[in-house]
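**Q** got a predicted model here, sequence first, then my questions.
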Amino acid sequence: MNIVILSPHFPPSMTMFCRRLRELGATVLGLGDTAWEALRPELQAALSDYYRVDDMHDVDALVRALGWFTHRHGRIDRLDSLNEYWLETEAALRQAFDIRGLRPDVIDRVKRKSVMKRVFERAGIAVARGRVCRTPAEARRFVAEVGYPVIAKPDVGVGAASTYRIDRDDELEAFLGAMPAFDFIFEECLSGEIVTFDGLVDRDGRVVMAVTMTYALPVLDVVSGADMTYWIARDIPPDLDALGRAVLAAFEVRERPFHFEFFRQPGRIVALEVNMRQPGGLTVDMWNYGGDIDAYRAWAEIVVTGTARLPAERPYVVLYAGRRSDRGYRLSGAEIAARFGHLVVLHQRIDDVFASNIGNEGWILRAPELEPLRAAAREIQEVA
């Protein structure tokens, strides 16, 4: 099986996916804009071939690269990056080379938040009221309908980038006066606990693994400077499990990791957005620590064989606690190791591109119950 991986060096976890594909006998073909010599040795060892382009946004260059791979290795069976940024590029290349997977005719429903809303609504899933507003008049009309606060964010965007909370008329006018040229969607601002439904589905859409994450704080608060804490529970509440599976069916997800976000409110769960990729940062490692599994290998098995088997039981709750480099904390790294070494399974410097969301330094902790982990996180993040 010939599998092309776009940008195999980023995010860093792609190295593990590539290694597992190679171990299962796949021919792993890397396509990126980084020099071969700059790739990590373990990634070099996982790749059967590599093609460098000057610009990953140059579709003609990417087409030439796939032609070169086809000439050398035969038909390309799969193409992926597991990176939301490249979804549209992947779709165009799959169309050009008749490769299985998401194609351009369906890409809007997993990229454009406004189109996601329509899919949710057709499936009978509650969503926040929202609308793409291309003029100041449209934005003012929407605010008049739903009231303050509202959230303004790119209709096509990743994470919390360029996302704004607007509470008053003067803030709205300031935003409208400097609003970028791309489409923004305005939504009513909902409160509630942010929870997720994440995991892997096989080639036939069967759930191979499912977990739920809970964020201690909204991501906007974290981007504004708060420390990030989130955790993966041992079990998924039945109502969230049923809703997550309904979303999988509505979006016809196949042969992919997935990451769906929701607001839990009294008496209901409201859908926020879908992401056809694994959660970011160190979350796949958290999947592994929570269930003593290898999710990297499971995804590789799904791609190569069509499915995979993982145990349903999760022995541990797993929590991430992040800290920022510009803040003074009460406990040093050595003191954290001494106090909580029995809970810590990973301590790692975070890649700068993720630091605004999850901090410059992170600890993964696990235990059978949540409360000891939350207590440890509070001490780890306590400012001096």
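**A** That came through, no problem.

**Q** residue 324: what's it in contact with?
**A** Each residue near residue 324 by C-beta atoms under 8 Å, 6 or more residues apart in numbering is listed here: 225, 227, 355, 359, 360, 361. Every residue, glycine included, has its C-beta placed from N, CA and C.

**Q** export those residues to a markdown table and tack on pLDDT, distance to residue 117 and neighbour count?
**A** As requested, those are exported to a markdown table (pLDDT from 0 to 100; distance: C-beta to C-beta, whole Å; neighbours: other C-beta atoms under 10 Å):
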| residue | pLDDT | distance to residue 117 | neighbour count |
| --- | --- | --- | --- |
| 225 | 76 | 30 | 10 |
| 227 | 94 | 31 | 22 |
| 355 | 87 | 30 | 17 |
| 359 | 94 | 31 | 24 |
| 360 | 95 | 34 | 17 |
| 361 | 96 | 36 | 18 |
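
**Q** closest one of those residues to residue 344?
**A** residue 361 (12.3 Å; C-beta to C-beta).

**Q** what secondary structure does the most centrally placed residue in the chain sit in?
**A** Nearest to the geometric centre of the chain sits residue 279, at 3.1 Å (C-alpha atoms, centre = their mean). What DSSP: H, G, I helix; E, B strand; the rest coil gives for residue 279 is coil.

**Q** for it, what are its contacts?
**A** 196, 198, 213, 259.

**Q** recalculate using a threshold of 6 Å.
**A** Taking C-beta atoms under 6 Å, 6 or more residues apart in numbering as the criterion, residue 279 is in contact with 198, 259.

**Q** relative to residue 309, how far out is it?
**A** 22 Å (C-beta to C-beta, to the nearest Å).

**Q** what's the answer for residue 209, then?
**A** Distance, residue 209 to residue 309, using C-beta to C-beta: 10 Å.

**Q** number of nearby residues for residue 163?
**A** As a burial measure, residue 163 scores 15 neighbours (other C-beta atoms under 10 Å).

**Q** who are the neighbours in contact with it?
**A** Counting by C-beta under 6 Å, 6+ apart, the residues that residue 163 touches are residue 153.

**Q** mind listing residues that contact the lengthiest helix in the chain?
**A** The longest helix of the chain (DSSP state H) is helix 59-73. With C-beta under 6 Å, 6+ apart as the contact definition, helix 59-73 has outside contacts at 2, 27, 29, 31, 51, 53, 97.

**Q** just give the number of residues close to the residue nearest to residue 3 when sequence neighbours are not counted.
**A** In space, and not counting its chain neighbours, residue 3 is closest to residue 78: 4.5 Å by C-beta to C-beta, 6 or more residues apart in numbering. For residue 78, the tally of surrounding residues (other C-beta under 10 Å) stands at 18.

**Q** equivalent analysis for the one 5 residues further on, please.
**A** Using other C-beta under 10 Å, residue 83 has 19 other residues around it.

**Q** and what of the one 5 residues further on?
**A** By the criterion of other C-beta under 10 Å, residue 88 has 17 neighbours.

**Q** do residue 167 as well
**A** For residue 167, using other C-beta under 10 Å, the count is 11.

**Q** same check on the one 10 residues further on?
**A** Under the neighbour criterion other C-beta under 10 Å, residue 177 is assigned a count of 8.

**Q** so how far is residue 155 from it?
**A** Applying C-beta to C-beta to residue 177 and residue 155 gives a distance of 20 Å.

**Q** sorry, back to before: which one of residue 209 and residue 309 has more residues nearby?
**A** residue 209 (23 against 9).
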